[in-house]
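**Student:** need coordinates for the following:
(chains A and B)
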Amino acid sequence: AQRVTQPEKLLSVFKGAPVELKCNYSYSGSPELFWYVQYSRQRLQLLLRHISRESIKGFTADLNKGETSFHLKKPFAQEEDSAMYYCALGTGGFKTIFGAGTRLFVKA
Amino acid sequence: NAGVMQNPRHLVRRRGQEARLRCSPMKGHSHVYWYRQLPEEGLKFMVYLQKENIIDESGMPKERFSAEFPKEGPSILRIQQVVRGDSAAYFCASSLDSLSYEQYFGPGTRLTVT
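**Tutor:** Model prediction:
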């Protein structure tokens, strides 16, 4: 079965603390993994994709095929990082499977 | 470029009525995707359309739901004889081509069935 699991609905950290948003996937093929973000009153937008191995706004995510994980990390959280984060699995072509999302709250 | 537009943003319907949700893709985009988000759940793929063609509707309920993307005008997601379980946020996304990670999302339409 194709599935994306984000175990935490809410993650609250202090400004400057490290943050890790967990994502696990289930897919028998070769996965494409993405993180999307939705800031308050804004649209869902692509944050980063595993294939490009980039760092966006200080966030990175490494695909671990052995653990079937794609956790999103940032060493020092900022207040402006507070948002809803969705992990997504591309199954080849156009179909994207989204996790339930994790709300990150960065406290001052 | 105003991005992907959806209207209405909020829609209230009584049980048994019809709901029509509209999506105008980004300029130059000819691929449209519809997703549904139920409370406390993630986005669920419903249907993928190109101009005048339904490419994949595997995520759409077999009854009461239909989608179209005509040559001219917006894409329409139509729900006939709505029931309370249809209450959800419906998101539309568009892309220039069929690569899934290049999707741009609209603000969504929140449907409430009373």
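**Student:** by mean pLDDT, which helix or strand of chain A comes out lowest?
**Tutor:** Lowest on mean pLDDT, DSSP states H and E among the helices and strands of chain A sits strand A:96-98, with a mean of 86.
**Student:** quick check: buried residues in whatever helix or strand comes next after it?
**Tutor:** For strand A:96-98, the following helix or strand on the C-terminal side (DSSP states H and E) is strand A:102-107. For strand A:102-107, burial by neighbour count (16 or more other CB atoms under 10 Å in any protein chain shown) applies to A:102, A:104, A:106. All C-beta atoms are positioned from the backbone trio N, CA, C, and that covers glycine.
**Student:** which residues sit in contact with the last one?
**Tutor:** Spelled out, that is A:V106. Applying CB atoms under 8 Å, 6 or more residues apart in numbering or on different chains, one finds that A:V106 lies in contact with A:12-15, A:19, A:77-82.
**Student:** these: which two are farthest apart?
**Tutor:** Farthest apart among the contacts of A:V106 by CB to CB are A:S12 and A:E80. That separation is 15.3 Å.
**Student:** which residue ranges of the chain form strands?
**Tutor:** As the question left the chain open, I've gone with chain A. A:3-5, A:10-14, A:19-21, A:24-26, A:32-38, A:45-49, A:60-61, A:72-74, A:83-90, A:96-98, A:102-107 (DSSP state E).
**Student:** nope, chain B please
**Tutor:** Under the criterion DSSP E, strands of chain B are mapped to B:5-7, B:10-13, B:19-24, B:31-37, B:43-50, B:53-56, B:65-68, B:75-79, B:88-95, B:104-105, B:109-113.
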